Every structure is written in C-alpha cells, then in structure tokens.
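Visitor: would you be able to build a 3D model of this:
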Amino acid sequence: METTAGLTFRDATDADVDTLVALVESAYRGDDSRAGWTTEADILEGQRTDPEGVLAVIKSPDSRLLTVEREGRVAACCQLEHRGSYAYFGMFAVSPTLQGGGLGKVVIAEAERLAVETWGVTEMHMTVISVRDELIAWYERRGYRRTGRMTPFPYGDERFGIPQREDLQFELLVKPLV
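Guide: Here you go, the predicted model:
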C-alpha cells in the first residue's frame with residue numbers, strides 16, 4: 001500500500017468487488033456517468049462490467065486491480081495485467097464527481113510506475129473505443145500514441161454493453177515506459 005498526494009493505492013480484494021463494479025458503472029454508464037466526462041452513455045447501454053469480471057481480474061496471477069482511496073473512500077481503480085514485455089492498462093475508472101480535477105493523471109502515472117517496478121515492462125498498452133475522440137486525446141496528452149490497429153467490438157455480447165451505433169471498434173494505444 002502506497003500513499004501519493006493524499007491518495008492510498010492498494011490491490012483490490014474480494015471485499016472490494018461490489019464497490020468497484022459500482023464505481024466502473026458510475027463512470028461509464030447511465031445518467032450518473034454524465035456527471036463526469038468519461039461517459040459512454042450515448043454509445044453504449046447496459047453494463048460495463050460485472051462482479052464475475054472484476055473478481056477474475058483480482059484473482060488472476062498476472063493482474064492486479066489497483067484501487068485508489070481518498071479520505072477512506074474508493075475514488076478510482078485500474079487494471080494492470082502483465083503480458084510479457086508490456087503491461088495492459090484497463091478497467092480505468094474515476095468517480096464522476098471527482099473527474100476533471102487531476103486524479104486520473106495521478107492514477108495513470110502511478111500505474112505506469114508500478115508496472116515498470118513490478119514487472120520491468122517497457123510499454124503500456126490499452127484499447128479504447130475508437131470513436132471516443134476526447135478520451136483518446138486525453139491519453140495522447142499523457143504520452144500514448146494511436147497505432148491504427150483495430151479489433152472489433154464484441155457486438156451481441158451484452159457483458160460489454162449494448163451498442164447504440166454500428167461503428168464501434170477498439171483501437172490499440174501504446175506508450176513507451178522507459
């Protein structure tokens with residue numbers, strides 16, 4: 001457990017599952033997500049994650065679900081997964097009421113530091129829905145670059161949401177860490 005700028009970073013436990021599902025859902029789906037700028041409510045309905053998905057990340061030996069607390073409350077989270085020479089960054093969520101204040105920048109910087117320190121990786125990879133221009137621009141300002149490598153959105157698999165448009169796909173973003 002580490003403390004940075006009044007934040008406590010720790011690995012999630014089984015007891016955090018419901019809180020983390022609620023956080024991720026609040027950051028991306030439904031009317032609550034509109035309080036922040038990361039909402040996907042206009043392009044996807046339904047769930048973003050579920051207890052089984054969160055628990056799988058917590059239990060995986062190659063992953064950690066970094067949980068960020070501020071004043072004793074969960075404020076953000078992100079998944080880090082070791083994949084050889086790089087780490088995958090996913091399930092990034094900041095409470096909608098705390099978005100826009102710099103918390104996301106602190107969390108992603110700490111995640112990058114931990115990935116290098118823990119696994120010795122040289123790159124961070126992530127996938128972002130390619131139509132999320134504002135979000136991709138935010139990552140680009142943090143040093144990530146678009147690769148143009150796309151993977152299809154899993155249409156028909158409601159575990160990932162119910163698409164509201166037909167042009168969704170994921171683009172790989174990459175950042176060198178060393």
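Visitor: from here on, contacts and neighbour counts on C-alpha atoms
Guide: OK.
Visitor: what's the burial count for Y139?
Guide: For Y139, the number of neighbouring residues by other Cα atoms under 10 Å comes to 20.
Visitor: quick check: it is in a helix.
Guide: Yes. Y139: assigned to a helix according to DSSP: H, G, I helix; E, B strand; the rest coil.
Visitor: who's in contact with the nearest residue to it once chain neighbours are set aside?
Guide: Leaving aside its chain neighbours, Y139 sits nearest to R145 (7.9 Å; criterion: Cα to Cα, 6 or more residues apart in numbering). Contacts for R145 (Cα atoms under 8 Å, 6 or more residues apart in numbering) come out as Y139, L173, V174, K175.
Visitor: quickly list what the third one is bridged to.
Guide: Beta-bridge pairing of V174 under DSSP bridges involves H125, R145.
Visitor: now do the SS call for L20.
Guide: Classification of L20 by three-state DSSP places it in helix.
Visitor: shaky segments in the chain?
Guide: Where the chain drops to pLDDT under 70, the residues are 1-5, 30, 33, 35-36.
Visitor: change it to 80
Guide: Along the chain, the model assigns pLDDT under 80 to residues 1-5, 29-42, 46-47, 159.
Visitor: now the helices: where do they sit in it?
Guide: Listed in chain order, the helices of the chain (DSSP state H) span residues 17-28, 51-59, 103-119, 133-141.
Visitor: of these, which is nearest R70?
Guide: Closest to R70 of the helices of the chain, according to Cα to Cα: helix 103-119, at 10.0 Å.
Visitor: buried sites along that closest one?
Guide: Across helix 103-119, burial judged by 16 or more other Cα atoms under 10 Å covers L103, G104, V107, I108, E110, A111, E112, A115, V116, W119.
Visitor: and for stretch 123-136?
Guide: E123, M124, H125, M126, T127, V128, I129, S130, R132, L135, I136.
Visitor: now flag whichever of those is closest to D11.
Guide: For the buried residues of stretch 123-136, the nearest to D11 is M124 (18.6 Å; Cα to Cα).
Visitor: quick one, what contacts that closest one?
Guide: Y86, A87, Y88, F89, E112, V174, K175, P176, L177.
Visitor: against E171, how distant is the residue nearest to Y139?
Guide: Plainly put, R145 is 10 Å away from E171 if you go by Cα to Cα, to the nearest Å.
Visitor: and for K105?
Guide: 21 Å.
Visitor: biggest strand in this structure by residues?
Guide: In the chain, with assignment by DSSP state E, the single longest strand is strand 73-83.
Visitor: pull the CA atoms of that one into CSV?
Guide: Backbone C-alpha positions of strand 73-83 (Å, rounded to 0.1, in the frame of the first residue of the first chain) are rendered in CSV as follows:
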residue,chain,number,x,y,z
ARG,A,73,-13.5,6.1,0.1
VAL,A,74,-12.7,4.3,-3.2
ALA,A,75,-12.2,7.1,-5.7
ALA,A,76,-10.6,5.3,-8.7
CYS,A,77,-9.4,2.0,-10.0
CYS,A,78,-7.5,0.5,-12.9
GLN,A,79,-6.4,-3.0,-14.0
LEU,A,80,-2.8,-3.8,-14.8
GLU,A,81,-2.0,-7.0,-16.5
HIS,A,82,1.5,-8.4,-17.2
ARG,A,83,1.8,-9.5,-20.8
